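*Asks:* Fold the following, please.
(chains A, B and C)
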Amino acid sequence: MPSVAKKLVIVRSDEPQSEQGGRPEELRLLEALLFAASEPLDEAMLGRQLPAGVDVRDALARLKAEYATRGVNLVRIGKKWTFRTASDLSWLLTKKTVEARKLSRAAIETLAIIAYHQPVTRAEIEEIRGVVASVGTLDVLLKTGWIRPRGRRKAPGRPITYGTTETFLSHFGLEEVGDLPGLDELKGAGLLEGHLPPGFAVPIPSDDGALRDDEDPLEPGDLDLGLAPRREE
Amino acid sequence: MPSVAKKLVIVRSDEPQSEQGGRPEELRLLEALLFAASEPLDEAMLGRQLPAGVDVRDALARLKAEYATRGVNLVRIGKKWTFRTASDLSWLLTKKTVEARKLSRAAIETLAIIAYHQPVTRAEIEEIRGVVASVGTLDVLLKTGWIRPRGRRKAPGRPITYGTTETFLSHFGLEEVGDLPGLDELKGAGLLEGHLPPGFAVPIPSDDGALRDDEDPLEPGDLDLGLAPRREE
Amino acid sequence: MSPDDFETTLGEERASSEPALMVDVEGFEGPLDLLLTLARQQKVDLAKISILALADQYLVFIEAARKLRLELAADYLVMAAWLAYLKSRLLLPEAEPGDGPSAEEMAMALAHRLRRLEALRNVATQLMERPQLDRDVFARGDPEPIAEIKQPEWSATLYDLLSAYAVQRRRTAMSFVRVAKRTVWSLAEARATLERMIGQSTDWTRVDQYLIAYVVDPALAVTAMASSFASALELVREGSAEIHQKQAYAPIYMRKRVGAGNGNGSASNLGAQGNA
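*Replies:* Alright, predicted model coming up:
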């Protein structure tokens, strides 16, 4: 490929200080920072390190493409970036594996509900699983740092809503929540709108979303038997 | 450095498709191993990980050449190899490595009381905790920047009231302090177990900066006592 | 609900469902999970599932579990009661159009929930199969400190904070705690209560009114209602009581069955009927 060689030479003589091979200096800077960091780095912080006038997104996209076929890939997590070993090489690196966190089935399902339905309250999680959350499930997930309380639902009792964290995205190698596997299929099948029309609640705790304006909350003396949407305590 | 240019050219013409796909797999393996390793790796050990018949020295030499112009370089230390930030970019790095210290149990408990019960005085913290606070605990928390003196309680002795800061919220990933789980949520998450006495309550915290009716503003002298959050060590 | 019809269907279903009965109820994550497992045995698309057949299978399962005197969580019994109710609605012509959802709509809603749970399990599996950090992919093993990044000097997680708060609040609360009374109403207790109550009345009475008289501690209300409802349905099935509900979520009325003898509520008598 003599043409490449020629090009390299030309670039070098044009821009002696740009050093090595005509590759923009900002890529070297980004490489250095991202290789050195122990945690994903914020796009804005990276931008501040680059020469004025350089578009950090362009540079990151280019770097990502450069590393796409390598043993180490550049990945985006939300608004942060980091290098990770290529996922097809996990066999090579398993020796490093720490005792994998073994989540219970209940915890995995609860995590999935929080990820796909967020923001979601505990009562909504219970409604989808059809079972009262066993004590300790949310506790375990909070401990992993994958979920967090996001806010409070504007509903009676103002229950806490849960959502996933950046640590969750980082752990599962997702750029954003929209990249969750199977999300589009779930949406397409109408399974994420989630909340059943009022009056449709099948036993077990139901979410407050099913309680409409035209429904009166049950009186304490009413026999609800858990058949009617239960209000958040 | 014409020699470098020459070398690049040679490498490139050796492997026309180079970058995309045609790059030998052993370079990917070496990249991943060296990237993930917590210390420099032995040539012999690396060799054992490569496909049979691959000369580890050749592969390392080639990888070194590839990275020679990049922001990270492959360097040899004795018979071991590791990735290091290019020496001309060392200004990006710092010598100071601070290992984040874990807060003591007393400190985190005190912080939790302040978060939930703010504005709160030292005596009130002790009353809730049922333990006399050690002298250093509040000092440590003030150093973290997560708590601040808010004012003085209109009470005998005019004790200082404490509350949490913005830094607190951002460290713990909370949008507002009112998003801290309440009694039901703590129970539901499995954090608060067992039978609680009637009347047991968890306040809905608020870090509203406005002084409460029973609070006086801090006086200028208060800040000189080192009680205000220190910006940085 | 017609007890005879119920019995016949149970008899027919039993043979084909026998293997399912061997499944340990402990292995299920609640009634929906059990229903989903039973639905899969129908080996059809969940969209085309027969809710009626599913309800039968579920009721057979619960019946068998109770014959074996397996302790069943209230959730399972409430679902059984609801399915029995749904089944009766599906089998009988709709009495009055009413404003509540029709039986068909209720069945569709149940099918929707089953589909949703199944779909969620599929994506949960896909999620867990993704390459995970420190299991399949790895970050830089030997990071170098970056000048621009201020290392936080102190570390603490939200979990640390919350558990620290909960632990110490509980610790100080404990010194005031009294021994709690038992918080579960067993089915036997509920049944005994109901039998005594309807023994006194041939007028329609609201079941919750039965309970209020007995359940002094409001903390017991939920468990008492669940157990009572399950027991009430059993009494109805055995022919010693009648139940009436105008529509879903409306109050439930109950009375001693007209013509039923006073001694008809004894346990031995009922047991014999159950085995017939």
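*Asks:* dump the residue contacts of the residue nearest to the spatial centre of chain A.
*Replies:* Central residue of chain A (C-alpha atoms, centre = their mean): A:Leu169, 3.2 Å from the mean position. The contact partners of A:Leu169, by C-beta atoms under 8 Å, 6 or more residues apart in numbering or on different chains, come to A:77-78, A:175-177. (Each C-beta comes from the backbone N, C-alpha and C, glycine too.)
*Asks:* again with A:Leu34
*Replies:* By C-beta under 8 Å, 6+ apart, the neighbours of A:Leu34 are A:41, A:46, A:63, A:74, A:81-83.
*Asks:* Next, it: secondary structure please.
*Replies:* helix (DSSP: H, G, I helix; E, B strand; the rest coil).
*Asks:* How about A:Gly178?
*Replies:* A:Gly178 - assigned by three-state DSSP - is helix.
*Asks:* Relative to B:Ala36, how far out is it?
*Replies:* In this view, A:Gly178 and B:Ala36 are 28 Å apart by C-beta to C-beta, to the nearest Å.
*Asks:* Neighbour count: those two, which is higher?
*Replies:* Each of A:Gly178 and B:Ala36 has its neighbours counted (other C-beta atoms under 10 Å in any protein chain shown); B:Ala36 has more, 25 against 8.
*Asks:* Determine the three-state secondary structure at A:Leu74.
*Replies:* strand.
*Asks:* On the strand side of things, show who it bridges to.
*Replies:* On the basis of DSSP bridges, A:Leu74 is bridged to A:Phe83.
*Asks:* quick one: it and A:Phe83 touch, right?
*Replies:* Yes: using C-beta atoms under 8 Å, A:Leu74 is in contact with A:Phe83, at 5.7 Å.
*Asks:* intersection of neighbour lists for these two?
*Replies:* A:34, A:67.
*Asks:* If you count surrounding residues, which of those two has more?
*Replies:* When neighbours are counted by other C-beta under 10 Å, A:Phe83 comes out ahead of the other of A:Leu74 and A:Phe83, with 25 against 21.
*Asks:* quick one: pLDDT of that one?
*Replies:* As predicted, A:Phe83 sits at a pLDDT of 96.
*Asks:* wait, what's in contact with it?
*Replies:* Here A:Phe83 is in contact with A:34-35, A:67, A:72-75, B:35, C:139-140 (C-beta under 8 Å, 6+ apart).
*Asks:* A:Trp91 should be in a helix, yeah?
*Replies:* Yes: with three-state DSSP as the criterion, A:Trp91 is part of a helix.
*Asks:* Could you pull up the residues touching it?
*Replies:* Contacts of A:Trp91 by C-beta under 8 Å, 6+ apart: none found.
*Asks:* B:Gly53 versus that one, what's the distance?
*Replies:* According to C-beta to C-beta, A:Trp91 and B:Gly53 sit 19 Å apart.
*Asks:* any chance you could map the helices in chain A?
*Replies:* Using DSSP state H, the helices of chain A run over A:2-14, A:25-36, A:43-49, A:56-67, A:90-93, A:105-117, A:122-129, A:137-144, A:166-172, A:183-188.
*Asks:* Need the nearest residue in space to A:Arg105, chain neighbours excluded.
*Replies:* Nearest residue to A:Arg105, sequence neighbours excluded (C-beta to C-beta, 6 or more residues apart in numbering or on different chains): C:Glu29, at 6.5 Å.
*Asks:* Tell me the spacing between the one you found and C:Arg121.
*Replies:* 10 Å.
*Asks:* returning to what we had before: which one of the contacts of A:Leu169 is nearest chain C?
*Replies:* Using C-beta to the nearest C-beta, A:Ile77 is the member of the contacts of A:Leu169 that lies nearest chain C, at 9.9 Å.
*Asks:* now the helices of chain A as JSON lines including mean pLDDT?
*Replies:* JSON lines is the format used below for these (pLDDT from 0 to 100):
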{"stretch": "helix A:2-14", "mean pLDDT": "35"}
{"stretch": "helix A:25-36", "mean pLDDT": "94"}
{"stretch": "helix A:43-49", "mean pLDDT": "92"}
{"stretch": "helix A:56-67", "mean pLDDT": "96"}
{"stretch": "helix A:90-93", "mean pLDDT": "88"}
{"stretch": "helix A:105-117", "mean pLDDT": "94"}
{"stretch": "helix A:122-129", "mean pLDDT": "89"}
{"stretch": "helix A:137-144", "mean pLDDT": "91"}
{"stretch": "helix A:166-172", "mean pLDDT": "94"}
{"stretch": "helix A:183-188", "mean pLDDT": "88"}
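*Asks:* Tell me which of those helices sits most buried.
*Replies:* helix A:122-129 (a mean of 25; mean count of other C-beta atoms under 10 Å in any protein chain shown).
*Asks:* how about that helix as PDB, C-alpha atoms only?
*Replies:* Extracted in PDB, the C-alpha atoms of helix A:122-129 (Å, rounded to 0.1, in the frame of the first residue of the first chain):
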ATOM      1  CA  ARG A 122     -43.000  -1.700  45.000                       C
ATOM      2  CA  ALA A 123     -46.700  -2.300  44.600                       C
ATOM      3  CA  GLU A 124     -46.400  -2.200  40.900                       C
ATOM      4  CA  ILE A 125     -43.500  -4.800  41.000                       C
ATOM      5  CA  GLU A 126     -45.700  -7.000  43.200                       C
ATOM      6  CA  GLU A 127     -48.600  -6.600  40.800                       C
ATOM      7  CA  ILE A 128     -46.600  -7.700  37.800                       C
ATOM      8  CA  ARG A 129     -45.000 -10.700  39.600                       C
END
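*Asks:* Quick one: list the elements packing against it.
*Replies:* helix A:105-117, strand A:160-164, helix C:103-129 (3 or more C-beta pairs under 8 Å, 6 or more residues apart in numbering or on different chains; DSSP states H and E).
*Asks:* Rebuild those as TSV, extending it with distance to B:Leu138.
*Replies:* Converted to TSV, the helices and strands packed on helix A:122-129 look like this (distance: least, C-beta to C-beta, whole Å):
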stretch	distance to B:Leu138
helix A:105-117	36
strand A:160-164	29
helix C:103-129	43
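*Asks:* ok so, going back, just among the contacts of A:Leu169, which is most surrounded?
*Replies:* A:Ile77 (23 neighbours).
*Asks:* pretty sure C:Ser155 contacts B:Ala100?
*Replies:* Yes: C:Ser155 lies in contact with B:Ala100 (C-beta under 8 Å); the separation is 4.0 Å.
*Asks:* picking up where we left off before, output the helices of chain A as JSON lines; include the columns distance to B:Leu141.
*Replies:* Output for the helices of chain A, formatted as JSON lines (distance: least, C-beta to C-beta, whole Å):
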{"stretch": "helix A:2-14", "distance to B:Leu141": "55"}
{"stretch": "helix A:25-36", "distance to B:Leu141": "31"}
{"stretch": "helix A:43-49", "distance to B:Leu141": "27"}
{"stretch": "helix A:56-67", "distance to B:Leu141": "36"}
{"stretch": "helix A:90-93", "distance to B:Leu141": "40"}
{"stretch": "helix A:105-117", "distance to B:Leu141": "31"}
{"stretch": "helix A:122-129", "distance to B:Leu141": "30"}
{"stretch": "helix A:137-144", "distance to B:Leu141": "22"}
{"stretch": "helix A:166-172", "distance to B:Leu141": "24"}
{"stretch": "helix A:183-188", "distance to B:Leu141": "41"}
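*Asks:* closest one to B:Arg57 among the ones you listed?
*Replies:* helix A:90-93 (19.4 Å; C-beta to C-beta).
*Asks:* Output that closest one as PDB, nothing but the C-alphas.
*Replies:* C-alpha atoms of helix A:90-93 as PDB (Å, rounded to 0.1, in the frame of the first residue of the first chain):
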ATOM      1  CA  SER A  90     -14.300 -13.600  28.200                       C
ATOM      2  CA  TRP A  91     -12.900 -17.200  28.000                       C
ATOM      3  CA  LEU A  92      -9.400 -15.800  28.100                       C
ATOM      4  CA  LEU A  93      -9.900 -13.700  31.200                       C
END
